[in-house]
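J.: Need coordinates for the following:
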Amino acid sequence: MVRGLRGLLLASVASLGCGDEGVEAESPTQPLPCLPPNRVVGERCLEPGVQDDGCPAGTLALENGSCRPAGIPPELCADGFVHDGDAGCEPILPAEPCPAGELAVPGERACHAVMPCGAGAWGDIPIDGTSVYVDAGYPGADSDGSMAKPWTSISNAVAAAPPGALIAIAAGSYAEDVVIAKPLRLWGICPERATLLGTDAVSAALIFEPEASGSEVHGIAVSDGAFGIHVVGAPGVVLDQIWVHDSPGRGIHVAGGAGPTGFTLRRSLIEHTIGFGISAIGGVLTIEDVVVRNTLPEANSFGRGLSFSHEGGSSAVLVRRSVIEKQYEFGIFVAMQEAELEGVVARDTLPDVGTGVFGRGIQLQCSTGDTCTSTVRSSLAERNHEVGLFVSGTDAAIEGVVARQTIASPNAGGWGLGVQSSMVTGLPARVRVQDSLFDQNRQAGLLIVGSEATIEGVVVRGTEPSTGVVTGSGIGIQYSPSTGLRASAVVRGSVIEENTATGFFVSGSDATVDGLLVRHTQSKPSAPFFGRGVNFQFYPDVPTAVSMRCSVIENNPEAGFVIMGADATIDAVLVRATTPSAQDDLFGDGMSFVSLLDIPTSGRVTNSRVDRNARAGIANFGARVAIGTSSVACNVIDLVGEASAGLPFVYEDLGGTTCGCEPLGSCAARSVGLSPPEQVPTP
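T.: Numbering: from 1, shown residues only. As a prediction, this is how the structure comes out:
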């Protein structure tokens with residue numbers, strides 16, 4: 001069997017000439033004829049690869065009639081981010097890590113203290129005539145909470161203060177556990193100088209009980225204690241400009257208790273805690289302008305930055321303009337009813353210490369069987385392990401997100417975005433991914449497993465294989481053997497480029513594709529026969545069906561399309577300039593339809609152009625392929641037909657198709673002993 005024709009027909013390729021594309025008008029007033037493979041849409045004559053709205057593949061039509069390239073437009077960059085001039089947004093942050101006790105959130109180029117200290121004993125605390133005062137350095141034994149005779153412990157001030165009072169805390173180290181059971185405002189001079197040191201006698205250094213609803217804490221540091229801060233059934237707690245650090249347990253923990261609970265955390269730093277930076281079981285939480293970093297693993301296990309779960313009642317979390325970095329297992333873990341992340345940086349997450357698994361930047365899931373919804377907008381997940389952003393069994397909207405440089409864990413992976421049906425509830429995830437960039441990840445830029453996805457205006461590029469894995473697919477849509485669910489995806493106006501082995505991969509699933517640009521897929525030494533732009537293939541006993549329109553597949557090695565044990569409908573698609581595999585100089589087909597034993601392949605190609613490919617324009621290996629109103633031009637061989645798996649090849653002529661290379665003429669399939677491409681391992 002002859003696997004390639006590169007050497008055999010190289011001379012004949014050199015002698016062929018491809019004429020100018022398009023048709024000139026016969027006179028200035030006479031309209032151009034719309035000849036196949038062009039098509040009429042409304043009053044326009046559109047070429048293959050142009051979408052029905054007139055925009056080329058890889059772009060989206062705007063209301064003003066212009067066509068916007070895929071990727072993140074500048075207006076989707078969040079506060080504190082700047083457009084990179086290409087397809088993504090970059091956070092404005094210091095180039096070097098901040099030292100202990102300092103932070104920077106997106107939009108800040110320099111590290112700074114959590115809060116300025118101000119002058120005098122009380123700094124900038126907004127004291128008034130009703131304030132209660134605390135000063136650990138007061139030498140007298142006659143404290144009464146006045147400015148002249150302040151309490152020397154925070155607990156004494158809390159006990160004496162009336163509900164709603166402001167407790168002003170001067171510089172000092174306060175070795176005690178403080179329990180708040182009424183609405184109060186605690187205000188320290190600044191976290192650098194006023195520190196609450198827990199004694200580990202109760203659950204946390206600072207505890208808010210249900211009666212403390214509406215309490216506030218500003219300008220203190222919390223350290224030591226079993227936890228840093230514990231909110232138990234108290235809603236509306238405000239924590240502002242605090243520094244929680246070096247706790248032997250969690251930094252901040254929220255437990256729903258008997259009633260609603262929650263807090264707002266702003267302009268704060270949580271670092272060097274153990275197990276969790278911030279955790280919650282239920283509650284309503286808002287986190288803004290916060291840095292959580294260097295959470296240490298608990299009991300040789302995980303050290304999550306943010307971890308939120310649902311347990312009865314209502315649960316919701318909003319995280320905005322924050323940095324979550326250098327955690328173990330998960331940077332951000334959310335299993336609440338509602339979650340919204342905007343302008344968030346989640347980076348440098350490491351695998352679980354004990355098991356070596358995960359290391360995910362952001363994980364969104366629904367574990368209760370209830371409906372959960374999540375939104376991730378204008379955020380960055382980078383240099384995490386296994387998955388940058390993972391969605392399991394929940395509804396999610398992902399917009400303006402950059403996920404890049406994900407590193408494979410020891411158990412492989414390295415995806416930029418992973419979407420998977422839940423192995424806990426058996427439910428699919430349902431996601432909408434818009435205007436995002438997935439760059440320089442491993443194994444898959446974006447992987448949809450047993451779930452439903454709408455993908456629009458994204459750029460996926462530079463995906464590399466993980467160790468021991470052949471592929472580095474741009475987008476993978478595939479069946480989930482764990483849950484028995486097929487994936488279903490709509491992909492529109494997107495770009496897949498410079499990925500490895502396969503650009504766009506579908507197996508055991510459905511996909512509807514419109515306006516996709518797939519180019520420059522790479523062969524690698526680990527996968528010398530691959531590099532194909534698009535690969536639709538069987539999954540045992542699970543059908544694969546794909547419809548692709550108005551797309552461009554160009555400059556890929558080995559094959560532009562491979563359809564293997566699948567059904568494909570291809571309309572208004574341009575496939576061109578496919579080259580042989582870089583490693584062995586074989587193949588180079590524009591489209592390749594391959595039937596396998598007991599798994600037939602079928603395809604329908606209309607209004608399409610297959611040009612200047614290095615081996616066959618369309619190769620049919622035991623498949624049934626219908627072709628109409630298309631052009632198969634300037635390939636080494638335009639149509640190839642070979643038997644495969646005991647099945648004859650069948651071409652059905654739908655009319656209006658031309659072959660050749662100036663002049664174009666009728667089409668006839670040839671059998672020359674070519675071998676079909678191989679099956680690609682599932683990403």
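
J.: next one: phi and psi at residue 206?
T.: Comment: the main-chain dihedrals of residue 206 come out as phi -130, psi 120, following degrees, to the nearest 10.

J.: hang on, isn't it packed against residue 217?
T.: Yes - applying C-beta atoms under 8 Å, one finds residue 206 in contact with residue 217, separated by 7.1 Å. Using the backbone N, CA and C atoms, a C-beta is placed for each residue, glycine as well.

J.: Which residues are in contact with each of the two?
T.: Counting by C-beta atoms under 8 Å, 6 or more residues apart in numbering, the shared contacts of residue 206 and residue 217 are residue 229.

J.: Quick one: mean pLDDT over stretch 209-223.
T.: Predicted confidence along stretch 209-223 averages 96 (mean pLDDT).

J.: next one: stretch 271-278
T.: Here stretch 271-278 scores 97 as its mean pLDDT.

J.: which other residues reach that stretch?
T.: Stretch 271-278 is contacted by residues 100, 228, 243-253, 265, 270, 287, 291-299, 301-307, 324, 327 when judged by C-beta under 8 Å, 6+ apart.

J.: Span of stretch 309-324 from start to end?
T.: The separation between the terminal residues of stretch 309-324, taken as C-alpha to C-alpha, to the nearest Å, is 18 Å.

J.: How about the contacts made by the closest residue in space to residue 55 that isn't next to it in sequence?
T.: What sits nearest to residue 55 in space, not counting adjacent residues and going by C-beta to C-beta, 6 or more residues apart in numbering, is residue 67, at 3.7 Å. With contact taken as C-beta under 8 Å, 6+ apart, residue 67 is in contact with 54, 55, 56, 59, 60, 61.

J.: for the residues you listed, which one is nearest residue 314?
T.: For residue 314, the closest of these turns out to be residue 60, at 36.0 Å, with distances computed as C-beta to C-beta.

J.: give me every residue that touches that closest one.
T.: 67, 68, 70, 456, 457, 492, 493, 515.

J.: Touching, residue 317 and residue 280? I think so.
T.: Yes - under the criterion of C-beta under 8 Å, residue 317 is in contact with residue 280, at a separation of 7.3 Å.

J.: what do these two both touch?
T.: residue 308.

J.: right, and the pair among the contacts of residue 67 with maximum separation?
T.: Checking those against each other with C-beta to C-beta, the farthest-apart pair comes out as 54 and 60, at 11.6 Å.

J.: Narrow the contacts of stretch 271-278 to those in strands?
T.: Within the contacts of stretch 271-278, residues falling in strands by DSSP state E are 243-245, 252-253, 265, 270, 287, 291-293, 304-307, 324.

J.: show me where the stretch 151-300 of the chain has helices.
T.: Ranges of helices in the stretch 151-300 of the chain, per DSSP state H, counting those that start in this stretch, are 154-160.

J.: Tell me where the model's unsure across it.
T.: Within the stretch 151-300 of the chain, the set of residues satisfying pLDDT under 70 comprises 257-259.

J.: could you point out where the stretch 301-450 of the chain is predicted with low confidence?
T.: Under the criterion of pLDDT under 70, the regions of the stretch 301-450 of the chain flagged as low confidence span 368-370, 411.

J.: Residue 317 and residue 280 - which one has more neighbours?
T.: residue 280 (27 against 24; other C-beta atoms under 10 Å).

J.: How about the contacts made by the residue nearest in space to the middle of the chain?
T.: Relative to the mean C-alpha position of the chain, the nearest C-alpha, by C-alpha atoms, centre = their mean, is the one of residue 417, at 3.6 Å. When the contact criterion is C-beta under 8 Å, 6+ apart, the partners of residue 417 are 387-391, 398, 401, 403, 433, 436, 438, 445-447.

J.: Residue 37 now?
T.: Residues touching residue 37, when contacts are defined by C-beta under 8 Å, 6+ apart, comprise 47, 48, 572, 607, 608, 609, 629, 630, 631.

J.: For the residues you listed, pick the one with the most neighbours.
T.: residue 608 (30 neighbours).

J.: isn't it right next to residue 573, touching?
T.: Yes - if you go by C-beta under 8 Å, residue 608 and residue 573 touch, sitting 4.6 Å apart.

J.: who touches both of those two?
T.: Looking at what touches both residue 608 and residue 573 (by C-beta under 8 Å, 6+ apart), the common residues are residue 48.

J.: What's the end-to-end length of stretch 505-523?
T.: From its first residue to its last, stretch 505-523 covers 15 Å (C-alpha to C-alpha).

J.: pLDDT of that stretch, averaged?
T.: On average, the pLDDT along stretch 505-523 is 96.

J.: hang on, the earlier thing: for the contacts of residue 67, give me a markdown table that also has distance to residue 462 and pLDDT.
T.: What follows is those, written out as a markdown table (distance: C-beta to C-beta, whole Å; pLDDT from 0 to 100):
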| residue | distance to residue 462 | pLDDT |
| --- | --- | --- |
| 54 | 30 | 96 |
| 55 | 24 | 98 |
| 56 | 22 | 98 |
| 59 | 20 | 98 |
| 60 | 22 | 97 |
| 61 | 27 | 96 |
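
J.: Among these, name the buried ones.
T.: Buried positions within the contacts of residue 67, assessed by neighbour count (16 or more other C-beta atoms under 10 Å), are 55, 56, 59, 60, 61.

J.: tell me the contacts of the second one?
T.: The neighbours of residue 56, taking C-beta under 8 Å, 6+ apart as the test, are 49, 50, 67, 515, 517, 552.
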